[in-house]
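Asker: compute the structure for the input listed below.
(chains A, B, C and D)
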Amino acid sequence: MKYGYFPGCSLKGTGRAYEESLLPVLRHLGVELVELEDWNCCGATAYMAVDEGKACALAARNLALAERGGFQQLMAPCSACYLVLNKTQHYLDESPAMRRKVEGALGTVSLKLSRQTPVRHPLDVLLHDVGVEAIRQKVTRPLSGLRVAPYYGCQVVRPYATFDDQANPTSMDQLLKALGAEVVDWPLKTKCCGGSLTGTLPVAGLRLAYLLLKEAKKRGADAIATVCPLCQFNLDAYHDKIAARWEPVRLPTVYFTQLMGLAFGMPAHTLGLQRGFVPLELPAPTAA
Amino acid sequence: MKEIQRTIKYEADRVPGFGREVMSVPGCEKLKDCIQCGTCSGVCPLSIYMDHSPRQVMALVREDFKREVLSSCTIWLCASCYACTVECPQQIRITDIMYELKQRAIQEGFYPKRFPIPVLAQEFNRMVHDHGRISEGRLVTKLFLKTKPLEAAGMAGLGMRLMKTGRFSLKQENIRDRGDLARIMEAMDAPASGGNGKD
Amino acid sequence: MNKEWQPRLVAFFCNWCTYTAADLAGVSRLKYAPNVRVIRVMCSGRVDPQFILDALAKGADGVLVGGCHPGDCHYVEGNYKMLRRYHLLKRMLKDMGIEEQRVRLEWISAAEGHKVRQVVNEMTEQLRALGPLGLPQKFEEWDREVERLAADVHAREAADAAAACAGRTSAEEVTHA
Amino acid sequence: MANGNGNNRTSPERRPRIGFYVCHCGVNIAGTVDCAEVARYVGTLPGVVLSRDYKYMCSDPGQELIQKDIAEYKLERVVVASCSPLLHEHTFRTAVEKGGLNPFFFHMVNIREHNSWVHTDRAEATAKARDLARAAIERVARHKPLETKRVPIKPVTLIVGGGIAGIHAALTLANAGKQVILVEREPTIGGHMAKFDKTFPTLDCAACILTPKMSAVGAHPNIRLLTYSEVVKVDGFVGNYKVTIRRKPRYIDEEKCVGCQDCISACVFKQPKFTDEFNEGLGKRKPVYIPFPQATPQVVAIDSNVCLNFRNGPDGSRVVSDKCKKTCVEACGDRNAIDFTQKERFEEIEVGTIIVATGFQAFDAKRLPAYGYGRYPNVFTALEVERMVNASGPTGGHVVLRDGKTEPKTVGIIHCVGSRDKKTNRWCSRVCCMYSMKLAHLIKEHTHAEVYNFYIDIRTPGKGYEEFYNQLLDEGVHFVRGRVGEVTDWAITPEEEGKLVIRVEDTLAGVVRRIPVDMVVLATGLEPRSDAQEVRRLFNMSCGSEGFFLERHPKLAPVSTFNDGVYIAGACQGPKDIPDTVAQAGAAAAEALSLIDKGYVEQEPNTAFVLEDECSGCKSCIPLCPYSAIQFDDARGKAVINEALCKGCGTCVGSCPSGSIVQNLFDDEEIFSEIEGVLAYE
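Answerer: Predicted coordinates:
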């Protein structure tokens, strides 16, 4: 299994731990990732707000690079990148005028968009290409006793539910169960983490992060598992501010790939776990 | 008691054609079908802070109250979670309409000067435009220096801790073919024969 | 008329589904291209391939056949019979060098007024892009050509006959000489 | 130009004298088509001796004009260009006949539905009208005299579906002395209405008004009631339908069972433990059961899926195992009504008319996960609550939470669940506003709870409906205008703990609210039954895009279908309340009655016949005929069409390799001339 890999800016910055855990875990499962050469920022939510044409062209360049690189599929682990790349394809399909313009612009640097390169999220690939069973077989250190609240956030399921149920996604639940963890059912799986508002408008943004953490804690979770660097950041980095404004709700938020790595027996520091502000504590292995 | 304000709208407060213009943008057409049920506001995680609920924004756009809409904080509070778009019974792409309104507000300078969200959007784009990638540390630092120089100090603690965990750097990331990217963007700026891409 | 050329579309609609759908399109005031001329039959199964060929031969640029959806035929399965014929006819038209888009079979139920509009508009545009089929003109041309050929052959035969006659005389003369 | 008769194949010896009329239809046609120009043009065509335009051809003076002209101008053929022949062909044929001509010396041109209403350019529409008229002139010149056939109508009506619509239609017909066969899928008639407690807006008890009608059906000498049965096949045409009915085994001899229910108490299952469909799963029943006390017929049924006397057969079906002690049989004693040997049976009946009244199904609330049905126990559907408020329901008339005992203190009723939503069903279900208010009233009456209604718009267009809304406002029921965003058990504030929280924009107050409640009621919409498409095919009807059965005309033929002799009534045609359903059922019965009392139907003489001299005896037409109307005469080596069986589709005509089959009204000559006519223009 070979995929083009579009890390996105966050996985090289605040979300480094995601990449640090994703790469070894996928390698361990026999999935080969080849980083897209000279990829650029997807545009995220900010670019759409200024100029949708340029936002499209920006994302389309990456799709064209994937095509030039001969990749049949592109993996985008960051939810924002995943959505933007998918959305761009939808947008170009729906608006022939925009497609003409974008193709023309790409043409000026000899890039072309002649086919659809499916953009996949790691959850999708792990569940549907690798399979839960294959993952279960790699588990050497089951996460028994760890109660995890799976948190999907917005953009992997909205507005395009391509690989999971929009209202009640379960792909991560299945993975976590395969790792031996206990899955906490909660109604906030797909609620918003505050996005970039945590930085720009903390009153509004941080409140959402606070409520998520509070509810997960209330439902007895030991940790929140996330699939998006921005969600991880918002739930991990602002504990001081949240405590100052509301109340302390300390709870570790980790990437699901970090949990996979741990269950596969990989050392915590190779999975970027030392980068989180709230450290994850695994329950002592029960004598069995 | 709060200060009283005139709330009546006169015909002169409208900018006739504004609604039609927005609704002619691809993806925004279905706004015409809005039945004002309020589902969008009901599912919006940020609606509780908005001066006009998303539903009201839809009504204001349709009735051409341009000034009211573009100066509303609602469009900037939208975090693009797409809950409204997914739940709307009329399948109106509310998130995309919010993007369209953000664009217009920026073009027409309709937001408060030090309001951080549009500044973030612009800084973000400038960085992508110049370097091809976002260096989150630099972006955030810039943003704070521009909008809330006083609070920037308050964020320093977070910055330090991020730096300690290796997640914060002021180093600028660059892509190799910056020239290519610039050329693509330039081509997008050029008025195409097929209109502005919004037809 | 020096007006721009307009494609001519002849349609055979079954009484129960597609003709009714076209009525519905009317009642709903849906607007579509005025290029279509509808001929009503009781069932699409009545449409003889000869009707289609005849329409093309008489100057239609395209022919549309509308019937009930599979399983919905008022007469149980007349539409299937038409479908079978349609496939055979398609093959034949291809051999004749007539573009595939010129003949089309569509299932349009009584509730699908909008589909009448969509199909007629689509087909009109396709025919416009293809340009005139112009079979009557071609027939005329072929007729003229055949006539010319015939005249030619006739002239040559006459000449040959004359020559033969002359030859025979000379030959006779030789033998007699 | 006009005379496209260069090809002599179809040219008749002598052109008959043709009269042409083009109708203005007020401005409906004349607004887009230059009628005077069409009349002028047609007047120049060969054979046309008279060409007129007239304001309203279908009016009495218009028809009289035709009659007068036939005499005065010695017309032999008539063409009218006006609306769709499906609307007025019969009118004009009658006029032509009254004028002394064979009614089939007439042809109609559709320049309204197919022209003036769908085009905007006057010149193009006029040109099209000219072409269509020219084709009709060409065609009518070749028309032959024909005679309509009269087919007697069997004076028996099949009614499919035993809800209030079917019941009312059956009684109307039976009381008029006509024979009715009423087929119902379930073990009892009554339908949805039997499940309701009260009916809006009068709040009279559903059972009190329905059950007398049910018993009347059961006892009526003119009604044959076939419950636990389904129509599986329909053959034939108006007046003479052959219908096959599948009678599912209920393992009870309906003649012998007296409805004493001794078998139910004697069943080896001491406690009821199987899902009770009639109570929306809120209650339990035994394998032998009667759906509800007033069920009609008063006969029990045995559910072979759960009865211990059955086991799974090799093909998955249930077969008798004889493993049970059969205490039921013992209890039945010498009445001997229980019969485990019953098998599925098929019965063929012959009827002249059919009324389809198969009703609706409630929207499945699980399709909207945001409202939490199936996830949060205290989210209920309206039908569940309907059963709860009913005194003979599973909770004895108590509105309680899923725990079976706690009364709710606050209740939120969410309107438009699965209605007015393009993601599910886009239509308004028409009854939910009213039944939600009825439930609000009943819940308040039973529990004194605070009741909130969450609505998009309140729709009360009915007699006494708006007054009922006002009554509810007086009673202090809350009305919040806003479509609910979500129902969640996620508590943010202390008062939300342990409750279900409804998040909604109160669009009139202009604020987003979170309202904690104990119970949520989902006012699920009405949708077509999941097998509506199969039923539609069975009866050769059409469905609208939403899946409800399509009426022939929304205003003027609301209970007729495109299949003559088949009528529709009730919610299978579209969402409607009880008064409208009953009115429609009456209308459908009246339509059937008028056909039966007329005694016959006239059949379009569009049958096919074989030209014996030209038939080569290839037999390729024989398997094509769906009605087996074509036989092969071995002696003469020719195909022969039985005219009585032919339905006039023309499939054999279109397929005959030697062109030796002719269809009346649609013969090759006529159609070729029409083709030539529409194309013969410069």
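Asker: can you give me phi and psi for residue 79?
Answerer: All of this is about chain A. Taking degrees, to the nearest 10, you get phi -60, psi -40 for the backbone angles of A:Ser79.
Asker: not quite, I wanted chain B
Answerer: phi -100, psi 10.
Asker: got the contact list for the closest residue to it other than its chain neighbours?
Answerer: Distance criterion C-beta to C-beta, 6 or more residues apart in numbering or on different chains; nearest residue to B:Ala79, sequence neighbours excluded, is A:Gly195 at 3.7 Å. (C-beta placed from N, C-alpha, C; glycine too.) By C-beta atoms under 8 Å, 6 or more residues apart in numbering or on different chains, the residues touching A:Gly195 are A:Thr45, A:Cys154, A:Gly205, A:Leu230, A:Asn234, B:Ala79, B:Ser80, B:Cys81.
Asker: could you redo the last one with a cut-off of 7 Å?
Answerer: A:Thr45, A:Gly205, A:Leu230, B:Ala79, B:Ser80 (C-beta atoms under 7 Å, 6 or more residues apart in numbering or on different chains).
Asker: quick check: the second one touching A:Thr198?
Answerer: Yes: using C-beta atoms under 7 Å, A:Gly205 is in contact with A:Thr198, at 3.6 Å.
Asker: separation between A:Lys217 and chain D?
Answerer: For A:Lys217, the distance to chain D (C-beta to the nearest C-beta, to the nearest Å) stands at 13 Å.
Asker: equivalent analysis for A:Leu65, please.
Answerer: 36 Å.
Asker: how many neighbours does that residue have?
Answerer: Using other C-beta atoms under 10 Å in any protein chain shown, A:Leu65 has 22 neighbouring residues.
Asker: spatially nearest residue to the residue in chain C that chain A sits nearest to, not counting backbone neighbours?
Answerer: The nearest approach of chain C to chain A comes at C:Glu125, 15.1 Å away (C-beta to the nearest C-beta). Nearest non-adjacent residue to C:Glu125, counting by C-beta to C-beta, 6+ apart: C:Ala33, 7.9 Å away.
Asker: ok so the one you found is a strand residue?
Answerer: No: counting by DSSP: H, G, I helix; E, B strand; the rest coil, C:Ala33 is not part of a strand but coil.
Asker: surely it and C:Asn121 touch.
Answerer: Yes: C:Ala33 is within contact range of C:Asn121, at 5.3 Å (criterion: C-beta under 7 Å).
Asker: looking at those two now, which is surrounded by more residues?
Answerer: Counted by other C-beta under 10 Å, C:Ala33 and C:Asn121 do not tie: C:Ala33 has more neighbours, with 20 against 16.
Asker: in contact with the more buried one, which residues?
Answerer: C:Val120, C:Asn121, C:Thr124.
Asker: and the residues you listed, which is closest to D:Gly510?
Answerer: Closest to D:Gly510 out of the contacts of C:Ala33 is C:Asn121 (44.3 Å), distances taken as C-beta to C-beta.
Asker: okay, the closest one: pLDDT?
Answerer: Reported pLDDT at C:Asn121 in the predicted model: 96.
Asker: and if you look at C:Gly97?
Answerer: In the prediction, the pLDDT value recorded for C:Gly97 is 89.
Asker: now the closest residue to D:Ser560 other than its chain neighbours: how far from D:Phe562?
Answerer: Excluding the flanking residues, the one nearest D:Ser560 by C-beta to C-beta, 6+ apart is D:Arg552, at 4.0 Å. Note on D:Arg552: its distance to D:Phe562, by C-beta to C-beta, to the nearest Å, is 6 Å.
Asker: repeat for D:Val80
Answerer: From D:Val80 across to D:Phe562, the span is 23 Å (C-beta to C-beta).
Asker: the bottom helix or strand of chain C by mean pLDDT?
Answerer: Sorting the helices and strands of chain C by mean pLDDT, DSSP states H and E puts helix C:135-176 at the bottom, at a mean of 77.
Asker: quick one: it near chain D?
Answerer: No: judged by C-beta under 7 Å from any C-beta of the partner chain, helix C:135-176 and chain D are separated, with a smallest distance of 8.7 Å.
Asker: please enumerate the strands of the stretch 201-350 of chain D.
Answerer: Ranges of strands in the stretch 201-350 of chain D, per DSSP state E, counting those that start in this stretch, are D:204-205, D:223-226, D:229-237, D:240-247, D:274-275, D:284-285, D:288-289, D:301-302, D:310-312, D:318-320, D:345-351.
Asker: and among those strands, the most buried is which?
Answerer: For the strands of the stretch 201-350 of chain D, the largest average neighbour count (mean count of other C-beta atoms under 10 Å in any protein chain shown) is found in strand D:288-289, namely a mean of 26.
Asker: list the contacts of it.
Answerer: By C-beta under 7 Å, 6+ apart, strand D:288-289 touches D:Cys263, D:Ile264, D:Cys267, D:Val300, D:Ala301, D:Ile302, D:Asp303, D:Cys328.
Asker: measure the nearest residue to D:Gly236 once chain neighbours are set aside to chain A for me?
Answerer: In space, and not counting its chain neighbours, D:Gly236 is closest to D:Lys242: 4.9 Å by C-beta to C-beta, 6+ apart. Distance, D:Lys242 to chain A, by C-beta to the nearest C-beta: 47 Å.
Asker: which ones are touching D:Lys242?
Answerer: D:Asp235, D:Gly236, D:Glu348, D:Glu350.
Asker: so what does the residue lying closest to D:His441 once chain neighbours are set aside look like in phi/psi?
Answerer: If you skip the residues right next to it in sequence, D:His441 has D:Leu472 as its closest partner in space, 6.1 Å away by C-beta to C-beta, 6+ apart. Dihedral pair for D:Leu472: phi -60, psi -40, per degrees, to the nearest 10.
Asker: pLDDT score assigned to C:Asn2?
Answerer: So C:Asn2 comes in at 46 (pLDDT).
Asker: returning to what we had before: lowest-confidence entry in the contacts of A:Gly195?
Answerer: pLDDT is lowest at A:Thr45 among the contacts of A:Gly195; the value there is 78.
Asker: wasn't it part of a strand?
Answerer: No: under three-state DSSP, A:Thr45 falls outside any strand and is assigned helix.
Asker: pretty sure it contacts B:Ser80?
Answerer: Yes: using C-beta under 7 Å, A:Thr45 is in contact with B:Ser80, at 4.4 Å.
Asker: contact partners of stretch D:536-546?
Answerer: Residues contacting stretch D:536-546 (C-beta under 7 Å, 6+ apart): C:71-72, C:74, C:109-111, D:231, D:234, D:354, D:356, D:425, D:427, D:532-533, D:549-550, D:561-563, D:566.
Asker: for stretch A:278-285, that is, sorry about that
Answerer: A:Gly145, A:Leu146, A:Ala223, A:Asp236, A:His239, A:Arg250, A:Leu251, A:Pro252, A:Val254, A:Leu273.
Asker: tell me what the strand or helix carrying D:Tyr452 is packed against?
Answerer: Per DSSP states H and E, D:Tyr452 falls inside strand D:450-455. Strand D:450-455 sits against strand D:410-417, helix D:432-447, strand D:478-481, with contacts defined as 3 or more C-beta pairs under 7 Å, 6 or more residues apart in numbering or on different chains; DSSP states H and E.
Asker: out of those, deepest packed?
Answerer: strand D:410-417 (a mean of 27).
Asker: what is the mean pLDDT for it?
Answerer: 98.
Asker: hmm, who's touching it?
Answerer: So strand D:410-417 is contacted by D:363, D:365, D:368, D:371, D:432-433, D:436, D:439-440, D:443, D:449-456, D:483-484, D:502, D:515, D:517-525 (C-beta under 7 Å, 6+ apart).
Asker: pull the contacting residues for D:His24.
Answerer: If you count contacts by C-beta under 7 Å, 6+ apart, D:His24 has them with D:Ala30, D:Cys35, D:Asp53, D:Tyr54, D:Lys55.
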